[in-house]
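[1] After the sequence you'll find the predicted model.
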Amino acid sequence: MLSAYTSNGKIKRLLACASATLLVACTTIGAVTSAQPTSTPVPVLAVPDFTQVVADTEGSVVNIRTTEAVPVRNPAMGPNSNDPYEMFRWFFGPDFMPPGMPGPRQRNTPDAAPQERTVPRGVGSGFIISEDGYILTNNHVVAKSNGIFVTMTSGKEYKATIVGTDPRTDVALLKIDADGLKPLPIGDSTTLKKGQWVLAIGSPFGLDSTVTSGIVSAINRDTGDYLPFIQTDVAVNPGNSGGPLINLAGQVVGVNSQIISQSGGFMGISLAIPIDEVMRVVEQLKAHGKVTRGRIGVQIAPVSEDVAKAIGLEEAKGAMVSNVEEGGPADDAGIRSGDVIIKFDGKDISHMTDLPRIVGATKPGGKVDMQVWRKGKAVTLKVTVGEMPSPDSETASPTAEPPAATPVDALGLKVTEVSSAQRDKLNIRGGVQVTQAEGPAATAGLAEGDIIVTINDVDITSPEQYAKVVSGLSTSRAAALLVMRGNQSQWITVTPEK
């Protein structure tokens with residue numbers, strides 16, 4: 001049997017295969033043997049050497065420790081006090097007085113005056129951004145502190161003052177009295193790509209000048225109104241907050257801010273604020289000590305694929321306007337509930353969360369172009385950007401009793417006219433109110449009290465006109481209904497019954 005294989009040359013071919021290099025493949029036994037190059041192999045890259053990057057940058061990273069004031073008991077109320085009822089006050093509070101004594105002890109008496117002492121509060125990180133002593137860190141590192149101390153890698157310590165903070169982006173700008181410092185170069189976070197190597201330098205658990213490395217795991221990670229975070233797998237722990245995220249060119253591309261963890265320690269996901277966002281905040285903090293943001297007075301919702309298809313958008317993008325603040329900038333510009341904002345000041349709104357960031361970064365008082373999708377086409381409006389105020393809650397709860405309703409239609413709805421008082425309160429021009437929802441409408445989420453403002457591209461003005469529009473809907477395609485619930489609006493898709 002062996003001689004048969006040898007005479008056929010098959011064993012020789014097997015030996016040839018065994019000795020072939022990794023870049024050569026042999027054909028199956030019994031076929032004509034030929035050497036064929038495989039697909040181009042993936043290059044194997046060694047882990048980069050970070051030593052030079054660290055040597056160039058770690059001297060500009062600082063340790064930040066803070067102190068806070070805490071209340072302490074008055075010395076006159078301690079164990080050596082002459083007050084015979086002090087023991088009871090330890091249990092029942094400082095105002096305790098035994099029965100029969102005249103009134104509670106007053107807190108404003110000299111022996112009851114509140115006192116405070118300064119204690120360590122926490123440790124964080126920061127980095128130098130100018131030769132004359134400006135330092136960047138997180139707002140949560142310095143918030144509620146009564147003393148901030150910056151320590152260089154050389155061991156020299158400075159007392160820092162707060163130039164300004166922005167809790168919304170978790171950025172704080174500090175200043176120390178120093179000159180000739182070495183600032184870290186600022187990079188461009190918009191050029192980051194997944195898989196790119198980055199470093200973090202900081203003081204995890206107070207261990208200053210600690211270096212960790214990893215890769216960029218995701219970019220534009222949406223977790224807040226104004227922050228498209230950089231996600232990495234760089235080991236970041238308590239104390240790293242405020243430290244720099246550095247690329248291999250030694251440039252800052254982010255400020256380490258948060259970790260996602262179930263234990264309180266690093267679990268493979270850390271988040272950094274893009275340095276481009278940070279530096280826009282820094283410019284305002286330097287100039288004014290605070291950040292001013294723009295607003296247009298709308299509430300928004302995402303655009304689903306079903307809704308996009310129903311209203312004629314090529315893809316699910318933009319921010320759907322669910323409510324327009326009466327008398328606000330958007331209202332003055334003619335924006336309506338149900339409009340989908342697809343561009344603001346020349347910038348595309350790919351996702352709902354893009355809009356608050358872009359509007360917030362726009363200077364209040366400026367007039368900009370805003371493109372909305374309305375009734376199957378793009379419409380450009382001019383809006384004067386307002387200034388972001390402190391948030392106020394608004395409620396609207398229509399209570400007018402509706403007139404008689406229509407019969408159940410192909411959508412599974414009974415509707416009635418919207419009173420003029422409700423229209424004025426909700427700032428709408430027409431619509432019909434749902435008095436009963438069943439079948440496809442109930443399945444889609446419509447309920448009694450909802451107000452239907454638009455169907456597809458047609459504004460609803462009365463129950464009679466509504467019935468005519470519904471009768472003309474195709475039973476093979478979902479219809480898009482713009483529905484108001486309270487002071488919110490949303491698109492809901494419903495397929496009529498046959």
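    Cool, the structure landed.
[2] any chance you could map the helices in this structure?
    All helices of the chain, identified by DSSP state H, fall at 2-8, 10-18, 51-57, 86-92, 139-142, 275-288, 305-311, 329-333, 354-360, 420-426, 439-444, 463-471.
[3] To residue 260, which of those lies closest?
    Nearest to residue 260, of all those, is helix 139-142, at 15.6 Å by Cβ to Cβ. From N, CA and C alone the C-beta is placed, and that goes for glycine too.
[4] Might one say that residue 276 is in contact with residue 191?
    No. Residue 276 is beyond contact range of residue 191, at 9.9 Å (criterion: Cβ atoms under 8 Å).
[5] mind checking how far residue 270 is from residue 437?
    Between residue 270 and residue 437 the computed distance is 46 Å (Cβ to Cβ, to the nearest Å).
[6] Between the two, which is the more surrounded one?
    Between residue 270 and residue 437, residue 270 has the larger neighbour count (other Cβ atoms under 10 Å), namely 28 against 23.
[7] For the more buried one, give me its contacts.
    Neighbour list for residue 270: 200, 231-236, 240, 256, 258-260 [criterion: Cβ atoms under 8 Å, 6 or more residues apart in numbering].
[8] the more surrounded of residue 276 and residue 191?
    Set residue 276 next to residue 191 and count neighbours by other Cβ under 10 Å: residue 276 wins out with 16 against 10.
[9] Local confidence estimate at the closest residue in space to that one that isn't next to it in sequence?
    Distances taken as Cβ to Cβ, 6 or more residues apart in numbering place residue 189 nearest to residue 276, at 4.9 Å, with adjacent residues excluded. Per-residue confidence (pLDDT) for residue 189: 95.
[10] And for residue 189, the neighbour number?
    If we define neighbours as other Cβ under 10 Å, then residue 189 has 25 of them.
[11] With the one 3 residues further on instead?
    The local packing count at residue 192 equals 23, with neighbours defined by other Cβ under 10 Å.
[12] and what of the one 4 residues further on?
    Taking other Cβ under 10 Å as the neighbour definition, residue 196 ends up with a count of 16.
[13] Check residue 317 too.
    Neighbour count for residue 317, taken as other Cβ under 10 Å: 18.
[14] Please report the distance of the closest residue to it other than its chain neighbours from residue 219.
    In this structure, residue 317 finds its nearest non-sequential neighbour in residue 350, 5.3 Å apart by Cβ to Cβ, 6+ apart. Using Cβ to Cβ, we find residue 350 at a distance of 13 Å from residue 219.
[15] same question, residue 339
    In terms of Cβ to Cβ, residue 339 sits 29 Å off from residue 219.
[16] out of the two, which sits in the busier spot?
    Between residue 339 and residue 219, residue 339 has the larger neighbour count (other Cβ under 10 Å), namely 24 against 17.
[17] what sits against that one?
    Going by Cβ under 8 Å, 6+ apart, residue 339 touches 320-321, 372-374, 379.
[18] Residue 178: which of those is nearest?
    residue 321 (49.6 Å).
[19] residues of stretch 51-63 that come out buried?
    Within stretch 51-63, the residues scored as buried using 16 or more other Cβ atoms under 10 Å are 53-54, 57-63.
[20] What's the end-to-end length of that stretch?
    Criterion Cα to Cα, to the nearest Å; first-to-last residue distance in stretch 51-63 is 20 Å.
[21] related to what we said a few turns ago, among the contacts of residue 339, which ones are buried?
    320-321, 372-374.
[22] Can you list which of those are found in strands?
    320-321, 372-374 (DSSP state E).
[23] can you tell me which of those lies nearest to residue 163?
    Of these, the one sitting nearest to residue 163 (Cβ to Cβ) turns out to be residue 321, at 37.1 Å.
[24] In contact with the closest one, which residues?
    The contact partners of residue 321, by Cβ under 8 Å, 6+ apart, come to 298-300, 330, 335-341, 372, 489.
[25] Next step: these restricted to strands.
    Per DSSP E, the contacts of residue 321 map to strands at 298-300, 340-341, 372, 489.
[26] for those, which one is nearest residue 153?
    Comparing the ones in strands among the contacts of residue 321 against residue 153 with Cβ to Cβ places residue 300 closest, at 45.8 Å.
[27] Count residues in the vicinity of the nearest residue to the closest one once chain neighbours are set aside, would you?
    With sequence-adjacent residues excluded and distances taken as Cβ to Cβ, 6+ apart, residue 300 is closest to residue 319, at 4.1 Å. Residue 319: 27 surrounding residues under other Cβ under 10 Å.
[28] residues contacting residue 319?
    Residue 319 neighbours (Cβ under 8 Å, 6+ apart): 300-303, 340-341, 349, 351-352, 354-355.
[29] Most neighbours of all the residues you listed, which one?
    Top of these by neighbour number is residue 341, holding 27 neighbours under the definition other Cβ under 10 Å.
[30] Now that we're looking at the residue lying closest to that one once chain neighbours are set aside, what pLDDT does it have?
    Nearest residue to residue 341 in three dimensions, chain neighbours excluded: residue 319, at 4.7 Å (Cβ to Cβ, 6+ apart). At residue 319, the model reports a pLDDT of 92.
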